[in-house]
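Need coordinates for the below:
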Amino acid sequence: MSLFQFLKSKTFFIQLAIAVVATLLFVFLLKWWLGITTNHSQKIEVPNLHKMSLADVEKKLEELNLDFIVIDSASYNPNYPKKSVIEQNPEVGDFVKERRKIYLTLNPSKYRDVAIPDLNGRTQRQATTHLRSIGFKVGDKVTYVPDIGKNVVRGLKFNGERIQPGQKLPKQSTINLILGDGNGN
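Sure, this is the predicted structure:
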């Protein structure tokens, strides 16, 4: 039997029909199985978790059958409660399936600590600029000590006590300058 005769035979058409039906059946069964195992028609709307504590987040997401992972804590933001959610991914209003993980960024409990630089011998303007650039506030209570240099830094104070270079204070702390009066030896 030649190839051309086989292609015109009844056996070839039966085998071709079986292959087409088997392929269609396989595709429809695969689509049905994937629809069930991937919860294709399920939609859960992601709630707004901003400014919520971890305990409240856990309770809320447990009700919705969702999970969460804390991925980071950002820079301290005084507009948010301590250890509350600042950012979330997926965003509010997105639709997800059950057991989906929501990635959270939390607000730390305080500003991070920053080391005090050695500003001894610098001018008042240089010291003020440097302290502000690293995140401190410079107070108005300037103390003058006898020194030959006028408005030259001779120390720093925090809450009325002298602080040393290298000591760590929370960012946004107010530091007062101890300056020379220009009349000393």
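
What segments of the protein are strands?
Per DSSP state E, the chain carries strands over the ranges 44-45, 67-73, 85-89, 95-96, 101-106, 113-115, 137-138, 143-145, 150-158, 161-163, 168-170, 174-181.

Include distance to N79 when you put these into CSV, please.
In this view, the C-beta of every residue, glycine as well, is placed from N, C-alpha and C. Below are those laid out as CSV (distance: least, C-beta to C-beta, whole Å):
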stretch, distance to N79
strand 44-45, 25
strand 67-73, 15
strand 85-89, 9
strand 95-96, 27
strand 101-106, 14
strand 113-115, 21
strand 137-138, 18
strand 143-145, 34
strand 150-158, 25
strand 161-163, 28
strand 168-170, 17
strand 174-181, 20
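
Quickly, which of those strands bottoms out on average pLDDT?
With a mean of 84, strand 67-73 has the lowest mean pLDDT of the strands of the chain.

Can you give the strand pairings for that strand, parallel or anti for each?
Applying DSSP bridges, strand 67-73 is found paired with strand 101-106 (parallel).

quick revisit: so for L34, which of the strands of the chain sits nearest?
Closest approach to L34 among the strands of the chain is made by strand 95-96 (17.6 Å; C-beta to C-beta).

Buried residues, stretch 139-151. List them.
144, 147, 151 (16 or more other C-beta atoms under 10 Å).

pLDDT below threshold where in the protein?
Scanning the chain for pLDDT under 70 picks out 1, 74, 185.

if I pick L169, what's in contact with it?
113-114, 116, 136, 158, 163, 175 (C-beta atoms under 8 Å, 6 or more residues apart in numbering).

would you turn those into CSV with neighbour count and distance to H50?
Supplementary listing: the contacts of L169 in CSV, determined by neighbours: other C-beta atoms under 10 Å; distance: C-beta to C-beta, whole Å:
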residue, neighbour count, distance to H50
D113, 11, 26
V114, 16, 27
I116, 19, 34
F136, 22, 29
F158, 16, 33
I163, 17, 36
I175, 20, 33
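
What is the burial count for F28?
By other C-beta atoms under 10 Å, the residues close to F28 number 10.
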